[in-house]
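1. okay, here's the prediction I keep looking at, along with the sequence it came from:
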Amino acid sequence: MSASPITPVFVRLKLSLLRNGLRRSGGRKAAYIASAVFALLFAALQLIGLIALRGHAHVESLVVPAVAVLGLGWAVMPLFFPSGDETLDPTRLVMLPLRPRPLVRALLTASLVGIGPLFTLLLLIGSVAAVARGGAAFVTGVLAVVLALLVCLALARAVAAANVRLLASRKGRDLAVLSGLVIAVGAQIVNFGAQRLGAAGLGELDPVGNVLQWVPPASAIAAVHAVGEGSYGRAVVQLTLTAGALVALLAVWSRHLTKLMTSPDESTLAGTETAVRERSSAGLGRLLPPGRTGTVMERGLRYVWRDPKTKAAWVTSLAIGLLVPVFNAWQGTGSVYFACFAAGMLGVQMYNQFGQDTSAFWIVALTISSPRDAYVELRARALALLLITLPYATLVTVLTTAVLGDWRRLPEALGLSFALLGAMLATGAWTSARFPYSIPQEGYKNVAPGQAGLAWISVFGGTIAAAVLCAPVIALTIWLNVSARGDDWTWLVFPVGTAYGAVLTAVGLRLAAPPTARRLPEILAAVSKG
């Protein structure tokens, strides 16, 4: 097949895939339209903001890193959103008599269709408008926008082609689920960075901009600024770097396409890795208590390691639980008490314990014949959580204290964290029995349709109840801090809070065991809807 007929065919194919995907359901169409409106509105606001920054002394220091981050987003997009574009998987074309070079040209042209390319185009136009000075700079800006856009698209395609086997595996689905973590952590970093820039000004970005102006695709926008300053030699070098990066990406993409079209699928080799992981987990099992307790603890830890949604929830809690207190302390706006945020984020993992079992909960239900069996089951699940949450909450508290340098308050911060953790384990066990809900195994939703109310009651109601249960320890901390000679006795909060959290956990597990044993059919029905 020649190159001329396939390019329009692939463009029409992309449009057909998009149109047919929207015809599957009204909900999908509404979600697509809403996301498109939101993305384009955000891009339009960014365009206006960039134009408004025109003439600022340090505007290049903001625009160049922003374009670099945009390129990074295109690089990781196929890894975290593998189903976002069905044409990212070239293995679907292996049966067609297509040569790599025309195929690359056709796929690159088809990739211009979509919300993402339009969003990127608007941001690049705004970036050029912000840094361009003079007619020559705007003419250079046209070439810069084209080159930067093509580099972003080629980068996404090359990454997707290089990792297509991964994206089709369970690890690829894990990455897709973890996309929420990337968004959450990225939002926190952007928030802290914006606060720092708001206080110090854009000049803080000058060192970063000086480095990234030589990194494609940001170098293309930096070339526009260089032309405006009369540095034509530097502009030529920066444009050459961008063009060279585009050629290199197309060559890498073409090589991976050739390999995918001509080599067999070696994904079956993943079984070796699975066997190694199974052997390592068996080693862990020997370190756990014997009997039902150790078995349940190992099962819970395996969920954390192997189940995509459980893993995503844990990684998100670990990351946000560390970022919020430590970053606030680093900026000088935090407190050692912010370390309790980590205990709260990790304690939430005790809620809806049976939902992660889904319909397989019937196997667990068959082993529970009395409140005693239910108590041992819940206790083992809580112990598995404590293996991770207890040392991690301690680590976050110590790090927050170290950043602030307020070591005198470390004992009370630890006492409050442990009391909150114990309260959340107690309320989590009880709400797991009273308000279970299903976690769908497919898709991005963490609650089955019709069970959102149960999830809200379980998590938010239990969290508020845990905070109320911690009131005695909180009151003790406040009283010791406001008392005339209380500073000498604030260390008491540590043993008191630790003991109080342990008592709350034990009492909560005891109270949750009878309803768990009594409501096994209702729990099974609730967690099997996903």
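-> Sure thing, it's come through.

2. wait, doesn't residue 385 sit right on residue 350?
-> Yes: with contact taken as C-beta atoms under 8 Å, residue 385 and residue 350 are classed as touching, separated by 5.8 Å. All C-beta spots, glycine's among them, are computed from the backbone N, C-alpha and C.

3. what touches both of these two?
-> Listed contacts common to residue 385 and residue 350 are residue 425; contacts here mean C-beta atoms under 8 Å, 6 or more residues apart in numbering.

4. between those two, which one's more packed in?
-> Neighbours were tallied for residue 385 and for residue 350 using other C-beta atoms under 10 Å; the higher tally belongs to residue 350 (28 against 24).

5. now that one: how far from residue 306?
-> Between residue 350 and residue 306 the distance, using C-beta to C-beta, to the nearest Å, works out to 19 Å.

6. with residue 479 instead?
-> Taken as C-beta to C-beta, the spacing of residue 479 relative to residue 306 amounts to 46 Å.

7. please apply the same query to residue 13.
-> 36 Å.

8. which one's more surrounded, these two?
-> Using other C-beta under 10 Å as the criterion, residue 13 and residue 306 rank with residue 13 on top: 17 against 14.

9. and the spatially closest residue to residue 407 that is not a sequence neighbour, how many neighbours?
-> With C-beta to C-beta, 6 or more residues apart in numbering as the criterion, residue 407 has its nearest non-adjacent residue at 5.9 Å, and that residue is residue 401. Using other C-beta under 10 Å as the criterion, residue 401 is surrounded by 21 other residues.

10. now swap in residue 235 and tell me
-> By other C-beta under 10 Å, the residues close to residue 235 number 24.

11. again with residue 400
-> 30.

12. packing partners for the helix or strand harbouring it?
-> Using DSSP states H and E, the element containing residue 400 is helix 371-404. Contacting helix 371-404 under the criterion 3 or more C-beta pairs under 8 Å, 6 or more residues apart in numbering; DSSP states H and E are the following elements: helix 291-306, helix 308-330, helix 340-347, helix 410-434, helix 493-518.

13. let me have these in JSON lines, extended by mean pLDDT and distance to residue 466.
-> As requested, the helices and strands packed on helix 371-404 are exported to JSON lines (pLDDT from 0 to 100; distance: least, C-beta to C-beta, whole Å):
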{"stretch": "helix 291-306", "mean pLDDT": "86", "distance to residue 466": "20"}
{"stretch": "helix 308-330", "mean pLDDT": "82", "distance to residue 466": "15"}
{"stretch": "helix 340-347", "mean pLDDT": "89", "distance to residue 466": "7"}
{"stretch": "helix 410-434", "mean pLDDT": "92", "distance to residue 466": "4"}
{"stretch": "helix 493-518", "mean pLDDT": "94", "distance to residue 466": "9"}
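
14. can you pull the pLDDT of residue 289?
-> Looking at residue 289, its pLDDT stands at 83.

15. now residue 228: how far from residue 134?
-> Using C-beta to C-beta, we find residue 228 at a distance of 6 Å from residue 134.

16. gap between the closest residue to residue 472 other than its chain neighbours and residue 17?
-> Computed as C-beta to C-beta, 6+ apart, the closest residue to residue 472 that is not its neighbour in sequence is residue 500, at 6.9 Å. Using C-beta to C-beta, we find residue 500 at a distance of 58 Å from residue 17.

17. now residue 38
-> Relative to residue 17, residue 38 is positioned 22 Å away (criterion: C-beta to C-beta).

18. neighbour-wise, which of residue 228 and residue 134 wins?
-> residue 228 (19 against 12).

19. list the residues that contact the more buried one.
-> By C-beta under 8 Å, 6+ apart, the residues touching residue 228 are 131-134, 136-137.

20. buried ones among those?
-> Among these, those classed as buried by 16 or more other C-beta atoms under 10 Å are 131-132, 137.

21. format these as CSV; extra columns: secondary structure, distance to residue 314 and pLDDT.
-> Formatted as CSV, the buried ones among the contacts of residue 228 follow (DSSP: H, G, I helix; E, B strand; the rest coil; distance: C-beta to C-beta, whole Å; pLDDT from 0 to 100):
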residue, secondary structure, distance to residue 314, pLDDT
131, helix, 43, 91
132, coil, 47, 90
137, helix, 49, 91
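
22. just give me the closest of those to residue 361.
-> Residue 361 has its nearest neighbour among those in residue 131, at 58.4 Å by C-beta to C-beta.

23. test my guess that that closest one contacts residue 221.
-> Yes: A contact is recorded between residue 131 and residue 221 when judged using C-beta under 8 Å, the distance being 6.5 Å.

24. quick one: common contacting residues for these two?
-> residue 63.

25. identify the residue nearest residue 466 in space, chain neighbours excluded?
-> Closest residue to residue 466 apart from its sequence neighbours, by C-beta to C-beta, 6+ apart: residue 423 at 3.8 Å.

26. repeat for residue 384
-> Here the residue nearest residue 384, using C-beta to C-beta, 6+ apart, is residue 300, at 3.7 Å.

27. so between residue 38 and residue 17, which is more surrounded?
-> Between residue 38 and residue 17, counted using other C-beta under 10 Å, the more crowded position is residue 17 (15 against 11).

28. state the distance from the more buried one to residue 111.
-> Taking C-beta to C-beta as the criterion, residue 17 is separated from residue 111 by 12 Å.

29. do residue 352 as well
-> The value you get for residue 352 to residue 111, if C-beta to C-beta is used, is 40 Å.

30. neighbour count for these two, which is higher?
-> residue 352 (27 against 23).

31. from residue 53, how far off is the more buried one?
-> Note on residue 352: its distance to residue 53, by C-beta to C-beta, is 46 Å.

32. before we move on, the earlier item: tell me the pLDDT at the residue nearest to residue 407?
-> pLDDT, the model's per-residue confidence, is 91 for residue 401.

33. one more: residue 190?
-> Here, the pLDDT recorded for residue 190 equals 62.

34. care to break the chain down by domain?
-> Taking automatic domain parsing as the domain assignment, the record places the domains of the chain at 3-264, 273-527.

35. between those, which gets the lowest average pLDDT?
-> Per-stretch averages of pLDDT across the domains of the chain put domain 3-264 at the bottom, with a mean of 79.

36. now it, how far from the centre of its chain.
-> On the basis of C-alpha atoms, centre = their mean, to the nearest Å, the separation between the geometric centre of domain 3-264 and that of its chain is 19 Å.

37. same check, this time on stretch 336-353
-> Relative to the chain's own centre, stretch 336-353 is displaced by 18 Å; criterion: C-alpha atoms, centre = their mean.

38. mind saving the C-alpha coords of that stretch as CSV?
-> Taking C-alpha atoms only, stretch 336-353 is exported to CSV below (Å, rounded to 0.1, in the frame of the first residue of the first chain):
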residue,chain,number,x,y,z
VAL,A,336,3.6,18.5,64.3
TYR,A,337,-0.1,17.7,64.8
PHE,A,338,-0.5,17.6,61.0
ALA,A,339,1.3,14.2,61.2
CYS,A,340,-2.0,12.8,62.4
PHE,A,341,-3.1,13.2,58.8
ALA,A,342,-1.0,10.1,57.9
ALA,A,343,-2.7,8.0,60.6
GLY,A,344,-6.1,9.1,59.3
MET,A,345,-5.3,8.3,55.7
LEU,A,346,-3.9,4.9,56.6
GLY,A,347,-6.7,4.1,59.1
VAL,A,348,-9.3,4.5,56.3
GLN,A,349,-7.9,1.3,54.8
MET,A,350,-9.7,-0.6,57.6
TYR,A,351,-13.1,0.5,56.3
ASN,A,352,-15.0,-1.9,54.0
GLN,A,353,-12.7,-4.8,54.7
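
39. any idea how far residue 248 lies from residue 241?
-> Using C-beta to C-beta, one gets 10 Å for the distance from residue 248 to residue 241.

40. just residue 512 next, same as before
-> For residue 512 relative to residue 241 (C-beta to C-beta), the value is 62 Å.

41. buried stuff in the host helix or strand of residue 46?
-> For residue 46, the enclosing helix or strand under DSSP H and E is helix 26-52. Buried residues in helix 26-52, defined by neighbour count with 16+ other C-beta under 10 Å: 43, 46-47, 50.
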